[in-house]
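Peer 1: Generate a structure from the sequence data that follows.
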Amino acid sequence: MSTEGGVDLEEVNPYEGHLELTRLEGEVLWEYAKLAKNVKNLLLKTRELSETPDEALLGQLRTLERKLGLVLTLFKASVWAAINDRQPVTEDDDSYGEDESLDRTVMR
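Peer 2: Residues are numbered from 1 along each chain as shown. Okay, here's the model as predicted:
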């Protein structure tokens, strides 16, 4: 993890003791240099992943996609069954609202 000058940015601040920088400016520049290095590493890793897809990960995602399709189908079927099992409530139905004292709706 060395830079071109042979300085390890994770351990040694190359800006420390610079005559034209305050201590705070040196620390900010050091953090910026570490951030730039991390972004560069991230760029290299993402470029590597985008060029060569991970076959094991793709296989796992395909399996997951099939399972999610099955779950969605089962969910739709259970919702359909629940809707079909409900009895339609009509105003003529005697079992609905027998106890008028429990009715909390606003009458106009």
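
Peer 1: ok, which stretches of this structure are helices?
Peer 2: Using DSSP state H, the helices found in the chain span residues 23-51, 55-85.

Peer 1: Indicate which one of these is closest to Asn13.
Peer 2: For those, the distance to Asn13 is smallest for helix 23-51, at 4.3 Å, taking C-beta to C-beta. Using the backbone N, CA and C atoms, a C-beta is placed for each residue, glycine as well.

Peer 1: so that closest one versus helix 55-85, what angle?
Peer 2: Interaxial angle, helix 23-51 versus helix 55-85 (axes from the mean of the first three to the mean of the last three C-alpha atoms, to 10 degrees): 80 degrees.

Peer 1: Quick check: mean pLDDT of helix 23-51?
Peer 2: Per-residue pLDDT over helix 23-51 has a mean of 91.

Peer 1: Give me the buried stretch members for it, please.
Peer 2: Using 16 or more other C-beta atoms under 10 Å as the test for burial, helix 23-51 gives 26, 29-30, 33.
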